[in-house]
Each structure stands twice: as structure tokens, then as C-alpha cells.
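> Take a look and give me a structure for this.
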Amino acid sequence: MARKFDDPHWTQLLRSIRSGHCTPFLGAAASHPPLPLAKDLSAEWADAYGYPLADRADLAKVADFIAVKTGSSMFPKDELITSFTRTPYTPAPDDPHAVLASLPIPVYLTTNYDGFMYEALQRAGKEPSMELCRWNATLSERDWPSRLDDPDFEPDADHPIVYHLHGILPVRHSLVLTEEDYLEFLVNLSLNKAVVPTRILESLGEGSLLFLGYGLQDFTFRVILRGLMRGIEGSLRDLSVTVQLPYEDAAAMDYLSDYYFQKRRVIVYWGDLRAFVGELRDRWAAAERDV
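Here you go, the predicted model:
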């Protein structure tokens, strides 16, 4: 039977946040709305460019098709940049980025291309650094200078890091978008441990992880769980959390919880993402009043 996310789990999560040992991991649903979900953007592109196969909700495959059809691997990336940069960050009270920015967290990880987390931290009066994973040979210090190259720099709650695993909009060749990009990303990640800086790996191996904006069927999420987490999951000291929309079948939720998360010490909060961050905001405020 799947474990229920209850008061003791909230207590543990809040304790990890207060100690600076909680690392949020943000996926696409954290930025939706206003940005589209991958499956919706994929369907839009499939219609626009005449994608001929049945898996039209797979953005990586549709982007690959567009790259082949146009003769340019950068064409779908330019399309995405044009679409996303027209969408400003306008936080609502239950916006995940705004809630997370209000917490004393030193490192944020994301597979999103947008700068919403960085902007939310600035709005919260902090001085964040946006960092870029150099997952391919063309990316260098000249593309995006990194504070992580400075051995004396240590992120904290007032000077946090937002680390983008799959690239950022201002650097188009940093985007992990097509299926070819994902394959190269995974190969380089497995062959070169230095692709992800030591400070980022340390944040994954300390305290709690908080997965927000990923679905169980999300390829990116499965890559994180099976790839990036494989080498460090044994060192996780605290329980981690993932927020997932519930299934109608309770037996399905039990199975999925056990299959994906039990051995990784990740518990599932079955519910809406914004309901979770709203409860997180309220519980944190109440805990702060009691301190």
C-alpha cells in the first residue's frame, strides 16, 4: 500500500528546508501556465509541420522530425525560443516559483528552459546566479560564465543557484530538445562525471529532493531517477518528495509508488501541484510563527 504523505512527512520536509538541505527539482508543469506543456507544444508543431507518425505528443521526436525536414538542428530550438520569450513571468499567489523563492534554499535545479525561477528569486530580494549545464562540447565559459568555477563561492539562501540541466533560452545550443540532444546528453552524463559540477551533485546527495512539475510518464523524469540519481541515491539521508496527479485506481497508485520511488526513498504527494505549494507556503508560515 502506498504511503500517505502526512504530518510527519511535512515536518521532515520543513526541517530540511530550514537547514538548507532541500533541493527543488522543477519540471515543465511548474511553468504551466503560462508556458505550454510539452505534449501540447508537440501537438501544435506536429500539425504545423505535418508530422506523419502516431507519437505526436512526444516533443523530442517531433523536434527531431522538424530538424530533419528543415535541414537544421537549430530550427526547432529557434522556434521554441521565439515562442517562450514572448511569454513573461507573471506570478500568481500559488505560483511554484514564487513560493519556492520565499524559502531559505541555496540550490534549485530545473530541466526547464525559462528563467522563471531566477526572476522569482530576484523579486524576493535575493541575488541568484543562473547556471548552465555544459552537456555538449560546444558549450564553454564564453557562452555562459559560471560562479561554480570559483572555488570560494558557496551558494546560500540569499545568493542561491538556479542550475539548468537542459539549457536556457539565451544560449540556443544549450537546449536539450530533440531526441538526438537527449541521447547526447545521456551519453555525456554517463561518460563524463564532470558534466555536472561537484557542488550540484552534493546538493542531490544531501537532505531532501522536491520534484515539482514532472509526470510519471515524463521521459525527463525517468532519466533523472534512473540516470542522474543512480550514483547518489544510496547517500540520500532524508526522505524526498514528488508531487503527482492522482489516478482513479488506488491500486495503480500503490504500484507506481512502489515501482518508481520506494527504493529511492521518495514519497508521493498525490494531488495538484499548486495545491501542494499552497499548503507548503501555509505550513512554512505557521512553522516560522512557532519558532
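> helix, strand or coil for residue 23?
strand (DSSP: H, G, I helix; E, B strand; the rest coil).
> Show me where the chain has its strands.
In the chain, the segments counted as strands under DSSP state E are 22-26, 107-110, 129-132, 161-164, 208-212, 240-244, 266-270.
> Can you give me the pLDDT of the residue nearest to residue 73 when sequence neighbours are not counted?
Beyond its immediate neighbours in the sequence, the residue positioned closest to residue 73 (Cβ to Cβ, 6 or more residues apart in numbering) is residue 67, lying 4.7 Å away. C-beta: built from backbone N, CA, C; applies to glycine. We have a pLDDT of 96 for residue 67.
> One more: residue 235?
Residue 235 is given a pLDDT of 50.
> and what of residue 189?
pLDDT, read off for residue 189, is 81.
> Surely it is in contact with residue 135?
Yes: in this structure, residue 189 is within contact of residue 135 by Cβ atoms under 8 Å, at 6.9 Å.
> out of those two, which sits in the more crowded spot?
More crowded of residue 189 and residue 135, by other Cβ atoms under 10 Å: residue 135, with 22 against 17.
> Run through the residues that contact the more buried one.
Residue 135 is in contact with 165, 167, 174, 176, 184, 185, 188, 189, 195, counting by Cβ atoms under 8 Å, 6 or more residues apart in numbering.
> With adjacent residues omitted, what lies nearest to the third one?
Here the nearest residue to residue 174 in space, its sequence neighbours aside, is residue 167; by Cβ to Cβ, 6+ apart that works out to 3.4 Å.
> ok, the one you found to residue 139 distance?
Distance of residue 167 to residue 139, computed by Cβ to Cβ, to the nearest Å: 9 Å.
> now do residue 107
Plainly put, residue 107 is 20 Å away from residue 139 if you go by Cβ to Cβ.
> So for these two, which sits in the more crowded spot?
Taking neighbours as other Cβ under 10 Å, residue 107 and residue 139 compare with residue 107 leading, 22 against 17.
> give the contact list for the more buried one.
Neighbouring residues of residue 107 by Cβ under 8 Å, 6+ apart: 23, 155, 160, 161, 163, 199, 200, 203.
> returning to that earlier point: pretty sure the residue nearest to residue 73 is touching residue 178, no?
Yes: with contact defined as Cβ under 8 Å, residue 67 reaches residue 178; the gap is 5.6 Å.
> what touches both of those two?
The contact lists of residue 67 and residue 178 share 73, 76, where a contact means Cβ under 8 Å, 6+ apart.
> Residue ranges in the stretch 1-150 of the chain under the pLDDT threshold?
Within the stretch 1-150 of the chain, the segments meeting pLDDT under 70 span 1-3.
> let's go with 50 and repeat that
Residue ranges of the stretch 1-150 of the chain with pLDDT under 50: 1-2.
> If I look at residue 176, what pLDDT would I see?
With respect to pLDDT, residue 176 scores 95.
> Same check on residue 198?
Listed pLDDT for residue 198 reads 84.
> Over to residue 151?
83.
> Next up, phi/psi of it, please.
When quoted as degrees, to the nearest 10, the phi and psi of residue 151 stand at phi -60, psi -20.
> quick one: it from residue 198, how far?
For residue 151, the distance to residue 198 (Cβ to Cβ) stands at 10 Å.
> More neighbours: which of those two?
Counting neighbours by other Cβ under 10 Å for residue 151 and for residue 198 shows that residue 198 has the greater number, 10 against 7.
> among the contacts of residue 107, who's most crowded?
Each of these was scored for neighbours by other Cβ under 10 Å, and residue 161 scores highest at 27 neighbours.
> circling back to that earlier point, can you list residues touching both of residue 167 and residue 139?
132, 174.
> Mind naming the longest helix for the chain?
As assigned by DSSP state H, the longest helix anywhere in the chain is helix 273-290.
> Need the residues that contact it.
Contacts of helix 273-290 (Cβ under 8 Å, 6+ apart): 10, 13-14, 17-18, 29-30, 93-96, 99-100, 102-103, 212-213, 243, 269.
> Okay then, goodbye and thanks.
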